[in-house]
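> Just need the structure, nothing else, for what follows:
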Amino acid sequence: MPGALASGSLGRAQVDGPADSILPLVDRLSVALLRDVWRSREPLPSLDLGSLTTDSIAALRAYLQGERYYRRFALDSALAQYTRAVEVDSAFALAHLRRALVFGWTGGYGSPASVLAAEAGFRFAERLPLRSRRLLEGYQSFQNGDTRAIDSLRAYVDDYPADLEGWYFYGEALHHLVELEPRSPDTVLAAFDRVIAGDSTSTPAMVHPLEITMIYRDSTRFRRYLGVFARTGPRARVAAHRVGGGLVWGPSPSESNLRTAIAAVPHLAFYAVVAAYRNETATSDSVLDVRRRMFAALPLGSPVHKFEPIDRGFMLIGFGRLREARALVDTVAAISPGAAAGLLGWPAALGLATPSSGRARADSLVAQDRAQTENPQMRAFADAIRAVVEGHPEEGVKRASEAIRDPAVSPDSMRGRGMLRAAMGWARLAQGDTAGGISDLRTGLSVTGGQQGGAVGFLRFQLALALSADERTRAEGISHLRYGFNGTGVHLLPLTYLALGRTYEAADKPDSAAFAYGRFLRLWDKADPELQRRVSEAREALARLTAEPR
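Sure, this is the predicted structure:
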């Protein structure tokens, strides 16, 4: 019997409901075996029997026990069982891949442990049936941060619309790659809704919808997802998300409840800050106050505390409060010279300050950062960006193109070259080559996986501006500005509102333009005096738009 399961000779079948409904399609004894191993009142998960490539009942038993825990989002217990499965059968591809998913949840998307576990699964992928390998290829692209994963997984669910696993991975790709390939929240949620409609006991499928509806302040859908999540999710996480809802819509939780919630679900702190940006009544101080409260609620031993001044500095830049950001440079330099150089240099890159502002201090910090940076690609990237900021885009193109042609020097060379290609794209935009610049930005960013922090966020912003400026690509540019800055580029959200106001006005959409200008003005309520030209522009545009008859 185990041999039949391993060989896939039973054919393709979805085991996701009462066994009697699928008996005509598969061997009765095989389903009985799965039922015996499963030993749960819950429905069997969606399984491709041919993908259970193990001859070991012990490995299969551990894997299915891991599935039970994973479906309840009991991640530590799930990991222990998946690990047991690969210890018994080291070639059990699905167990390796499930380990990768758990590591992704606990250590972050693209974390080293997740990547290693996924690579172990990929090594044994040839044992899987063709259809399973096709799904695995889409997941592999997603794991690598390649935006082609979205089209690959979309094609898969189009061909196999009943495959809940396919819809789940499609939703994961849409969610995690949204900064590079922006989609509306409705589009992302629709993929997870397919999973939830087919299997409301699949707890992991509800986690990202809760995050998305929190970010976009959609209270109706947030409460609906939370109601389903509460049936099967861990109690501590359910309670934490209730606290998260209180942070966004009220009543505001107590400090004690907030600390407990963030200890259970640390990323709630980040999503609360993003949601604060999207509050229609938000000001720069109200967002910073939410952020201060979130940092205070983090456990004292959290490593995030170390980087608090860096985070605050870049948020202040986004609010046009450059003087306050510059006051943090010495503090930040003790943590990261590169980040301190960024506090001085990114305002110039964004056109908010002249390149000469703090030039000597920036040069010193850049030199320190170069001495600490071992990756020559990242040094070349910084050189290219700096050349463009200082008004020498041709030098930026040269530096980036030379580094791209160098032999691969690290395992991250693909993403490093993507960063360089994107930097070269911005340099070409600065030269006036719009088509070439957009092409290089697209190509380079598509393989970065969004994993390089603020630098990628800045380049994505430049791509969004270039797309919005051309009537032929304006709709895509608007999509980037609206949906592409909820993660690494969140500090740029105030500037996206100014860009959206200009873009909507050019597209003759006065209501949308007025809304965007209004949001910008509220978030730039304490911008430095030397930046008031932008404030005046937005205020005059808002007055003009609201005075026009509808």
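
> Now the helix or strand hosting residue 194 - C-alpha only, PDB.
Take DSSP states H and E as the rule and residue 194 turns out to sit in helix 185-198. Output in PDB follows, covering the C-alpha atoms of helix 185-198 (Å, rounded to 0.1, in the frame of the first residue of the first chain):
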ATOM      1  CA  PRO A 185      -6.400  44.400  -2.000                       C
ATOM      2  CA  ASP A 186      -9.600  42.900  -3.600                       C
ATOM      3  CA  THR A 187      -7.500  40.900  -6.000                       C
ATOM      4  CA  VAL A 188      -5.200  39.500  -3.300                       C
ATOM      5  CA  LEU A 189      -8.100  38.700  -1.000                       C
ATOM      6  CA  ALA A 190     -10.000  37.000  -3.700                       C
ATOM      7  CA  ALA A 191      -7.300  34.300  -4.000                       C
ATOM      8  CA  PHE A 192      -7.400  33.500  -0.200                       C
ATOM      9  CA  ASP A 193     -11.200  33.700  -0.300                       C
ATOM     10  CA  ARG A 194     -11.200  30.700  -2.700                       C
ATOM     11  CA  VAL A 195      -9.300  28.700  -0.200                       C
ATOM     12  CA  ILE A 196     -11.500  29.700   2.700                       C
ATOM     13  CA  ALA A 197     -14.700  29.000   0.800                       C
ATOM     14  CA  GLY A 198     -13.400  25.500   0.000                       C
END
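
> Give the rounded mean pLDDT of the following helix or strand past it.
Later in the chain than helix 185-198, the nearest helix or strand by DSSP H and E is helix 207-215. The average pLDDT within helix 207-215 is 97.

> Against residue 142, how distant is the closest residue to residue 442 other than its chain neighbours?
Leaving aside its chain neighbours, residue 442 sits nearest to residue 463 (7.0 Å; criterion: Cβ to Cβ, 6 or more residues apart in numbering). All C-beta spots, glycine's among them, are computed from the backbone N, C-alpha and C. Remark: distance between residue 463 and residue 142 (Cβ to Cβ, to the nearest Å) = 21 Å.

> tell me which residues in stretch 100-110 are buried?
Judged by neighbour count (16 or more other Cβ atoms under 10 Å), stretch 100-110 contains these buried residues: 100-105, 109-110.

> Tell me the helix or strand right after the lengthiest helix in the chain.
For the chain, the longest helix by residue count, based on DSSP state H, is helix 413-431. Counting by DSSP H and E, the next helix or strand C-terminal to helix 413-431 is helix 434-445.

> just the angle between that next one and helix 413-431, please?
Per axes from the mean of the first three to the mean of the last three Cα atoms, to 10 degrees, the angle that helix 434-445 makes with helix 413-431 is 160 degrees.

> Report the buried residues of helix 434-445.
Using 16+ other Cβ under 10 Å as the test for burial, helix 434-445 gives 436-438, 440-442, 444-445.

> pLDDT below threshold where in the stretch 101-250 of the chain?
Where the stretch 101-250 of the chain drops to pLDDT under 70, the residues are 109.

> Please, where are all the helices along it?
112-123, 130-143, 148-159, 164-176, 185-198, 207-215, 219-232, 235-249 (DSSP state H, counting those that start in this stretch).

> What lies in contact with the shortest one?
Right, the one you point to is helix 207-215. Helix 207-215 has contacts (Cβ atoms under 8 Å, 6 or more residues apart in numbering) with 73, 105, 171-172, 175, 185, 188-189, 192-193, 196, 218-219, 221-222, 225-226, 229, 241, 244-245, 248, 267, 271-272, 274-275, 278, 486.

> what comes up buried for the longest helix of the chain?
Neighbour-count burial for helix 413-431 [16+ other Cβ under 10 Å]: 415-430.

> just stretch 199-218 next, same as before
Neighbour-count burial for stretch 199-218 [16+ other Cβ under 10 Å]: 199, 202-216, 218.

> Which other helices and strands does the longest helix of the chain contact?
With contacts defined as 3 or more Cβ pairs under 8 Å, 6 or more residues apart in numbering; DSSP states H and E, the packing partners of helix 413-431 are helix 376-389, helix 393-405, helix 434-445, helix 454-469.

> what stretches of the chain score poorly on pLDDT?
Applying pLDDT under 70 to the chain flags residues 1-53, 109, 407-412, 449-454, 548-550.

> Could you check how far the residue nearest the centre of it is from residue 122?
Residue closest to the average C-alpha location in the chain (Cα atoms, centre = their mean): residue 176, at 3.7 Å. Distance, residue 176 to residue 122, by Cβ to Cβ: 18 Å.

> Pull the contacting residues for residue 519.
Contact analysis of residue 519 by Cβ under 8 Å, 6+ apart lists 280, 282, 494, 497.

> What strand or helix carries the last one?
Which is residue 497. Residue 497 is part of helix 493-506 when elements are defined by DSSP H and E.

> now the helix or strand that that helix is followed by against helix 493-506, angle please.
Sequence order places helix 510-523 as the next helix or strand after helix 493-506, per DSSP H and E. Interaxial angle, helix 510-523 versus helix 493-506 (the same axes, to 10 degrees): 150 degrees.

> For whichever helix or strand comes after helix 510-523, output the C-alpha coordinates as CSV.
Heading C-terminal from helix 510-523, the first helix or strand you meet, by DSSP H and E, is helix 532-547. What follows is helix 532-547 as a C-alpha-only set of coordinates in CSV (Å, rounded to 0.1, in the frame of the first residue of the first chain):
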residue,chain,number,x,y,z
GLN,A,532,6.8,74.7,1.9
ARG,A,533,6.7,75.1,-1.9
ARG,A,534,5.2,71.6,-2.2
VAL,A,535,2.7,72.3,0.6
SER,A,536,1.7,75.5,-1.2
GLU,A,537,1.3,73.6,-4.5
ALA,A,538,-0.9,71.0,-2.9
ARG,A,539,-3.0,73.6,-1.1
GLU,A,540,-3.5,75.7,-4.2
ALA,A,541,-4.5,72.6,-6.2
LEU,A,542,-6.9,71.5,-3.6
ALA,A,543,-8.5,74.9,-3.5
ARG,A,544,-8.8,74.9,-7.3
LEU,A,545,-10.3,71.4,-7.4
THR,A,546,-12.8,71.9,-4.7
ALA,A,547,-14.0,75.2,-6.2
